[in-house]
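> would you be able to build a 3D model of this:
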Amino acid sequence: MKRIIAVLTVASALLLSGCSQVGVAASVGSTKITQATVQKSIDTVLAERKKVDTTGMTLDSGEALNRGQMRFHLMAVLLSAVATDGKFSVTKAEIDARRATIITQIGGVAALPKALVGAGIASVDLDSYLNLIILSEKLQAAAVAAGVPQANTGSEIQKLIIDKANKLKVTVNPRYGKWDSATGDIVAATTASSATTPSPTPTK
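Just a heads-up that it's a prediction; the model follows:
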């Protein structure tokens, strides 16, 4: 799970601004990420925490949890767009193989729920996370093949994502925070509200 977090952090900087469309959590060009999608991830994370022993874990809550889940969904769209430009893709077999490897590393399938909770990953999003990990690795390998030092591949991928975000005009609903160009991340917005109380019907 530590490897999951490390690889995903490589491409965590996204360009975001205000998004006022009703029911839309964020948009990437013509692609819309709905509030229902983000809320499902948040609700799943919260529900799964109740099923495991979280003693000693440092877990996001409130607006930090909102931003973290939003960051993942935005990255999923942007990194996939970058990978498409480079003609990179991931097969189901590759995802299945990576999941099997991780399960072996953590000591078996029974340990997976607790590992996911500790990493802040909703089980419903696991395959998407694995897809991003593999895409990131392929992009890193391509960068190395092109002469980029291994130590610089993370920053190169981040630049590609930022460039893609600029071209596609990424926006984010203030409910989940706002883009701070000085820090290159989603930060708390005074208008952001908590979405961490499970709700059957997303805000519209």
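> pLDDT of stretch 172-184, averaged?
The average pLDDT for stretch 172-184 rounds to 68.
> and stretch 23-30, by the same measure?
Here the average pLDDT along stretch 23-30 is 90.
> with stretch 158-165 instead?
Rounded mean pLDDT across stretch 158-165 is 86.
> in it, what's buried?
Within stretch 158-165, the residues that count as buried by 16 or more other C-beta atoms under 10 Å are 158, 160-162, 164-165. Where C-beta positions appear, they are placed from N, C-alpha and C, glycine not excepted.
> what residue ranges in this structure score low on pLDDT?
In the predicted model, the chain carries pLDDT under 70 at residues 1-22, 179-187, 190-204.
> next SSE downstream of the helix ranked longest in it?
Criterion DSSP state H: the longest helix present in the chain is helix 62-85. For helix 62-85, the following helix or strand on the C-terminal side (DSSP states H and E) is helix 92-106.
> show residues contacting that next one.
Under the criterion C-beta atoms under 8 Å, 6 or more residues apart in numbering, residues 1, 4, 109, 111-112, 115, 126-127, 130-131, 133-134 lie in contact with helix 92-106.
> among these, which are located in helices?
4, 112, 115, 126-127, 130-131, 133-134.
> returning to that earlier point: closest to residue 81 out of the contacts of helix 92-106?
Of all those, residue 81 sits closest to residue 131, with 13.1 Å by C-beta to C-beta.
> could you pull up the residues touching that closest one?
Contact partners of residue 131, counting by C-beta under 8 Å, 6+ apart, are 76, 80, 90, 95.
> in a markdown table: the residues you listed, plus distance to residue 33.
Shown next, in a markdown table, are the contacts of residue 131 (distance: C-beta to C-beta, whole Å):
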| residue | distance to residue 33 |
| --- | --- |
| 76 | 9 |
| 80 | 12 |
| 90 | 20 |
| 95 | 21 |
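> which residue is nearest the middle of this structure?
Computing the C-alpha centroid of the chain and ranking residues by C-alpha atoms, centre = their mean puts residue 72 first, at 1.5 Å.
> that one contacts residue 124, doesn't it?
No. When contacts are counted by C-beta atoms under 8 Å, residue 72 is not listed as touching residue 124 (11.5 Å).
> any common contacting residues for these two?
Common neighbours of residue 72 and residue 124 (C-beta under 8 Å, 6+ apart) are residue 41.
> that older thread, residue 39: which of the buried residues of stretch 158-165 is nearest?
residue 165 (22.8 Å).
> the helix or strand harbouring the closest one: what's the following helix or strand?
Residue 165 belongs to helix 153-168 when elements are defined using DSSP H and E. Using DSSP H and E, the helix or strand that follows helix 153-168 in sequence is strand 170-172.
> so the residue with the largest distance to the centre of the chain: helix, strand or coil?
The C-alpha centroid of the chain is most remote from residue 147, which lies 27.7 Å away (C-alpha atoms, centre = their mean). Counting by DSSP: H, G, I helix; E, B strand; the rest coil, the backbone at residue 147 sits in coil.
> same deal with residue 140?
helix.
> quick check: buried residues in stretch 164-178?
So stretch 164-178, judged by 16+ other C-beta under 10 Å, has buried residues 164-165, 168, 170-173, 175-178.
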